[in-house]
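[1] here is a sequence together with a model predicted from it:
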Amino acid sequence: MLHTVETGVRSIEAYRGVVPDEILDGLIEAAEPLRGARVVHVNATAYGGGVSELLNAAVPLWNGLGVVTDWKLIAGDDAFFRVTKKLHNALQGAAEPLSAAEREVYLANAEKNARAFEERYDYVVIHDPQPAAMLARGRRNSARWIWRCHIDTGEPNAEDWQFLRGLLEGYDAAVYTMREFVPPDLPIGNVQIIPPAIDPLSPKNLELPRHLAHQILAWIGIDFEHPLVTQISRFDRWKDPLGVIEAYRIARESVPNLQLALVGSMALDDPEGSEMYRQVCAATRNEPLIRVFTNLTGVSNIEVNAFQRLSDLVVQKSIREGFGLVVSEALWKGTPVIAGRAGGIPLQMADGAGGVLVDSVAECGASIVRLLEDPDAARALGASGRERVRHRFLLPRLLFDFAKLLVELGGTERRPTAAVAQAPRDPVCGMTVAHDTFKLAHDGQIVHFCSEECRRRFRKNPRRFLAGGATP
Ligand code: UDP
């Protein structure tokens with residue numbers, strides 16, 4: 001049997017007053033036909049990184065909605081996770097593909113896990129490349145299989161993509177964070193764009209009174225006499241922690257007492273983390289104003305919450321990014337973010353909401369100085385970011401999108417209600433648009449958008465986006 005991660009059950013009503021009612025009511029309606037359906041989510045780790053964060057939040061809420069949902073982990077040894085990390089990097093565009101022996105390690109592990117996957121479900125949701133070959137190497141039974149790809153595979157290493165591509169045949173649907181991440185020759189016909197979301201009730205995101213947050217960070221040595229900039233990320237080259245240090249040094253020339261906190265977790269499926277951690281420690285050894293924290297020394301959800309709340313600025317200088325939950329987490333706390341223009345980050349900060357997008361270390365350093373010198377502008381950015389997250393990136397919206405997909409895929413007797421089936425989607429970014437701020441009349445229909453930016457892109461070339469199967 002695959003290992004089951006234990007989670008609780010949470011009522012949707014717990015979100016009243018936090019998430020807009022229209023989203024909650026939409027989700028209750030969308031999930032109704034799935035009551036009693038059996039769903040399993042399969043991934044590689046219960047701790048570290050965005051996927052485990054998401055499943056930890058989503059699985060209890062699914063169960064609260066009456067959808068019988070399990071979370072299972074594949075097993076793998078160090079050699080397997082070295083291979084999957086290499087595959088992950090290659091799919092994000094790194095040059096080095098897997099060797100024949102490494103492919104063997106990957107496939108042998110898939111077979112083992114497929115054999116251990118004994119239970120029957122109505123829907124199997126496979127997260128990311130680590131468990132992706134379980135369908136090809138195992139039994140389909142009568143389930144609908146969905147591949148949820150969280151990473152940016154828009155420009156993958158060609159060799160590794162062809163290898164993985166062959167293993168994806170047979171999936172009933174694929175879910176990506178953004179249209180740009182979908183490789184053109186994906187062998188799965190039904191592709192949905194469903195960005196992730198954060199759980200506003202989790203210990204990481206719940207309202208934490210400022211005095212408590214202050215006490216928590218003071219206890220680990222943060223000095224509130226001086227401004228504080230923080231990046232919270234796995235120690236991973238794509239998150240560019242060394243670039244953050246350089247940007248900080250540029251900023252410190254103008255803000256001499258500036259503190260930098262680098263908070264990083266070690267994900268169980270990420271063998272490169274400790275090497276990057278060593279590099280970060282080496283680069284910051286003689287700098288008392290730079291502090292490096294990890295989950296291994298006890299900096300966990302509540303500390304992350306406090307950092308995201310009390311930092312003057314949060315930085316997320318990613319070079320490649322799937323979504324970057326940390327951005328929504330910081331914005332939800334009203335803290336402005338300076339972030340790399342990568343992957344799903346611009347989606348979270350569309351129309352300039354929440355902060356500043358940057359393309360270089362120099363720009364990042366200059367933006368830190370600019371926002372520290374203009375706290376009113378920084379506060380206004382933080383407030384606009386929080387509103388964007390409230391409407392687009394809180395957990396119930398994610399479950400609404402998924403419920404709609406599962407019902408559409410069949411496997412339950414009942415059909416979605418008309419309101420759910422016709423929920424408008426932004427044809428540019430693919431997101432469901434539950435509250436209508438941005439609209440456009442096109443060909444006698446009203447088209448809805450999540451942001452002015454998407455509306456502008458659509459106006460420029462409507463055919464490009466409508467050809468992709470968008471639903472006005
Ligand atoms: N995280 C954490 N502690 C850390 C670093 C990261 O709890 O020291 C969490 C972070 O708050 C976020 C998740 O790990 O919820 C990272 O997700 P994201 O989508 O930003 O990046 P990923 O690691 O999936 O690439």
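    Noted; the coordinates are in hand. Residues are numbered from 1 along each chain as shown.

[2] OK, now which residue of the stretch 51-200 of the chain is nearest to the ligand?
    E53 (3.9 Å; CB to the nearest ligand atom). Heads up, the C-betas are built off the backbone N, CA and C, glycines and all.

[3] I'd say that residue and V326 touch.
    No - counting by CB atoms under 8 Å, E53 does not reach V326; the two are 9.5 Å apart.

[4] give the residue from the two that has the larger number of neighbours.
    The neighbour comparison of E53 against V326 (other CB atoms under 10 Å) goes to V326, with 30 against 21.

[5] what helix or strand is the more buried one on?
    helix 325-332 (DSSP states H and E).

[6] picking that back up, who are the contact partners of the residue lying closest to the residue of the stretch 51-200 of the chain closest to the ligand once chain neighbours are set aside?
    Once flanking residues are discounted, E53 sits nearest to L325: 5.9 Å by CB to CB, 6 or more residues apart in numbering. By CB atoms under 8 Å, 6 or more residues apart in numbering, the contact set of L325 is G50, E53, L54, P196, I198.

[7] and what of P183?
    Contacts of P183 by CB under 8 Å, 6+ apart are T153, G154, P156, W161, R165.

[8] in three-state terms, label it for me.
    coil (DSSP: H, G, I helix; E, B strand; the rest coil).

[9] read off the pLDDT value for the residue nearest to E53.
    Listed pLDDT for L325 reads 96.

[10] C429 too?
    pLDDT at C429 comes out at 86.

[11] tell me what the helix or strand that contains A101 is packed against?
    Assigned by DSSP H and E, A101 belongs to helix 100-116. Helix 100-116 sits against helix 78-91, with contacts defined as 3 or more CB pairs under 8 Å, 6 or more residues apart in numbering; DSSP states H and E.

[12] okay, now the domains of this protein?
    3-193, 210-392, 424-472 (automatic domain parsing).

[13] which stretch in the ones you listed has the least confidence?
    When I compare the domains of the chain, domain 424-472 is least confident, with a mean of 82.

[14] number of nearby residues for L27?
    27.

[15] likewise D312?
    19.

[16] list the contacts for the nearest residue to it once chain neighbours are set aside?
    Distances taken as CB to CB, 6+ apart put P227 closest to D312, at 4.7 Å, once the chain neighbours are dropped. Going by CB under 8 Å, 6+ apart, P227 touches V255, N257, L258, Q259, D312, L372.

[17] pick out the residue of this structure closest to the ligand.
    Closest point on the chain to the ligand, by CB to the nearest ligand atom, is G50, at 2.7 Å.

[18] residue boundaries of the strands in the stretch 51-200 of the chain?
    68-73, 123-127, 144-149, 173-176, 191-193 (DSSP state E, counting those that start in this stretch).

[19] want to throw the ones you listed into JSON lines with distance to the ligand and mean neighbour count?
    Shown next, in JSON lines, are these (distance: least, CB to the nearest ligand atom, whole Å; neighbours: other CB atoms under 10 Å):
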{"stretch": "strand 68-73", "distance to the ligand": "16", "mean neighbour count": "21"}
{"stretch": "strand 123-127", "distance to the ligand": "11", "mean neighbour count": "25"}
{"stretch": "strand 144-149", "distance to the ligand": "12", "mean neighbour count": "24"}
{"stretch": "strand 173-176", "distance to the ligand": "14", "mean neighbour count": "22"}
{"stretch": "strand 191-193", "distance to the ligand": "17", "mean neighbour count": "20"}
